[in-house]
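1. just the structure for this:
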Amino acid sequence: MIAPAHEAAEVGIMSGDLASAFADIYDAAGHFDDPDKLSQLIFGARSAELLMPDYAQLFRSIAAVAQDELLTRHRRHVKDAYRLKTEAARAWLVDYLGSVSLADIIEGEVEREADH
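-> Model prediction:
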């Protein structure tokens with residue numbers, strides 16, 4: 001799969017070095033094991049999207065890859081916490097992911113999966 005950063009470089013939207021750096025981040029997003037690093041990457045990409053709207057699609061792609069990786073690698077923990085639907089399980093999930101808003105996003109993904 002071609003990273004959006006490579007596509008941006010091809011059409012001259014950003015410099016080759018910057019496009020290469022973003023492509024590396026995009027590629028690395030699918031290889032982190034640590035939920036803290038994945039959470040940081042997701043929030044960093046979402047913040048960058050607001051700061052650099054010209055590259056919003058690139059940052060959304062990076063966040064999506066990292067979020068998918070987080071869900072894939074930690075699915076059992078997330079689903080267990082979601083299924084319990086208790087305050088303690090919710091608190092554990094927020095602590096595990098390091099963020100309330102990320103817990104909301106991940107819970108939404110799990111809920112959509114459960115609906116299908």
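2. what's the helix or strand for Leu50?
-> Following DSSP states H and E, one finds Leu50 within helix 35-51.
3. that helix: which residues count as buried?
-> By neighbour count with 16 or more other Cβ atoms under 10 Å, helix 35-51 contains the buried residues Pro35, Lys37, Leu38, Ser39, Gln40, Leu41, Ile42, Phe43, Ala45, Arg46, Ala48, Glu49. Yep, even glycine has a C-beta here, placed from its N, CA and C like the rest.
4. cool, and stretch 52-64?
-> Buried residues in stretch 52-64, defined by neighbour count with 16+ other Cβ under 10 Å: Tyr55, Leu58, Phe59, Ser61, Ile62, Ala63.
5. doesn't Ala81 make contact with Trp92?
-> Yes. Taking Cβ atoms under 8 Å as the definition, Trp92 is a contact partner of Ala81 at 5.7 Å.
6. more neighbours, the two?
-> More crowded of Trp92 and Ala81, by other Cβ atoms under 10 Å: Ala81, with 24 against 16.
7. so which residues of the protein form helices?
-> For the chain, helices defined by DSSP state H occupy the ranges 4-10, 16-28, 35-51, 56-84, 87-97, 100-115.
8. with mean pLDDT as extra columns, can I get those helices in a markdown table?
-> Below are those laid out as a markdown table (pLDDT from 0 to 100):
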| stretch | mean pLDDT |
| --- | --- |
| helix 4-10 | 50 |
| helix 16-28 | 75 |
| helix 35-51 | 83 |
| helix 56-84 | 80 |
| helix 87-97 | 82 |
| helix 100-115 | 77 |
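9. circling back: determine which two of the buried residues of helix 35-51 are furthest apart.
-> Pairwise distances across the buried residues of helix 35-51 peak at 20.9 Å for Pro35 and Glu49 (criterion: Cβ to Cβ).
10. picking that back up, would CSV of the buried residues of helix 35-51 with distance to Gly108 be doable?
-> Output for the buried residues of helix 35-51, formatted as CSV (distance: Cβ to Cβ, whole Å):
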residue, distance to Gly108
Pro35, 17
Lys37, 21
Leu38, 16
Ser39, 15
Gln40, 20
Leu41, 18
Ile42, 13
Phe43, 16
Ala45, 17
Arg46, 15
Ala48, 22
Glu49, 18
